[in-house]
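this one's sequence-less:
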């Protein structure tokens, strides 16, 4: 018999829906936690808000599964990201109506990595600045280009998955990435940024 980690998303969904197996939904959440949370955090730019949206996303996922509103087509993570995306749109609409959009930056360093652990303090400061500069540049891209960059480089999705997620052809997704890279290079040049450690 397979362990939970050996089961596909579809099998875990079926175990949860048909047998009310709570360990299956926990396994699904843990499997996709990093990608979903990173995607949310990159969009909302606030750690506490990202945690709230993440929780709200999986509450909605569980409710939709219980109500039989999930139709499996091998794209569980795309479905979850779409739910998160819609919740973020709702949040920003409400914020806009209240006219209280916050521009606070968040402290969480998305580029934190073990491979930087042995760097000198000076190098760590430079790497921290590079990661902040890159995030800032990504947020200056047009919405469609920014979305492709986030889904590809921060969520690790393939261009096929990105195309399905954003309801465009693979060629369109690839084109958006191409223009995003052109725009990022232009912005780096305009702002005279150095994104490397000397």
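Looks like it arrived, so ask away. Predicted model only: the values in this text are computed from it and were never measured.

ok, and what's touching stretch 162-169?
75, 78, 81-82, 144, 147-148, 151-152, 157, 170, 172-173, 176 (Cβ atoms under 8 Å, 6 or more residues apart in numbering). To be clear about C-beta, it is placed using only N, CA and C from the backbone, and glycine gets the same treatment.

pLDDT-wise, which helix or strand of the chain ranks last?
helix 121-139 (a mean of 72; mean pLDDT, DSSP states H and E).

switch the contacts of stretch 162-169 over to a markdown table; also include pLDDT.
As requested, these are exported to a markdown table (pLDDT from 0 to 100):
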| residue | pLDDT |
| --- | --- |
| 75 | 80 |
| 78 | 83 |
| 81 | 87 |
| 82 | 85 |
| 144 | 90 |
| 147 | 87 |
| 148 | 88 |
| 151 | 84 |
| 152 | 83 |
| 157 | 79 |
| 170 | 90 |
| 172 | 93 |
| 173 | 91 |
| 176 | 92 |
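
so who does the spatially most central residue of the chain touch?
Among the residues of the chain, the one closest to the centroid is residue 39, at 1.3 Å (Cα atoms, centre = their mean). Residue 39 sits next to 81, 84, 150-151, 154-155 when contact means Cβ under 8 Å, 6+ apart.

domain assignment for the protein?
9-98, 114-190 (automatic domain parsing).

after the least confident helix or strand of the chain, next one along is what?
Sequence order places helix 143-149 as the next helix or strand after helix 121-139, per DSSP states H and E.

following that following helix, which helix or strand comes up?
Assigned by DSSP H and E, the successor of helix 143-149 is helix 159-166.

and residue 60, what helix or strand is that in?
helix 47-66.

just the angle for the helix or strand just after that helix relative to helix 159-166, thanks.
Sequence-wise, the next helix or strand beyond helix 47-66 is helix 76-98, with elements assigned using DSSP H and E. Between helix 76-98 and helix 159-166, the angle comes out at 40 degrees (axes from the mean of the first three to the mean of the last three Cα atoms, to 10 degrees).

starting at the chain centroid, how far to helix 76-98?
12 Å (Cα atoms, centre = their mean, to the nearest Å).
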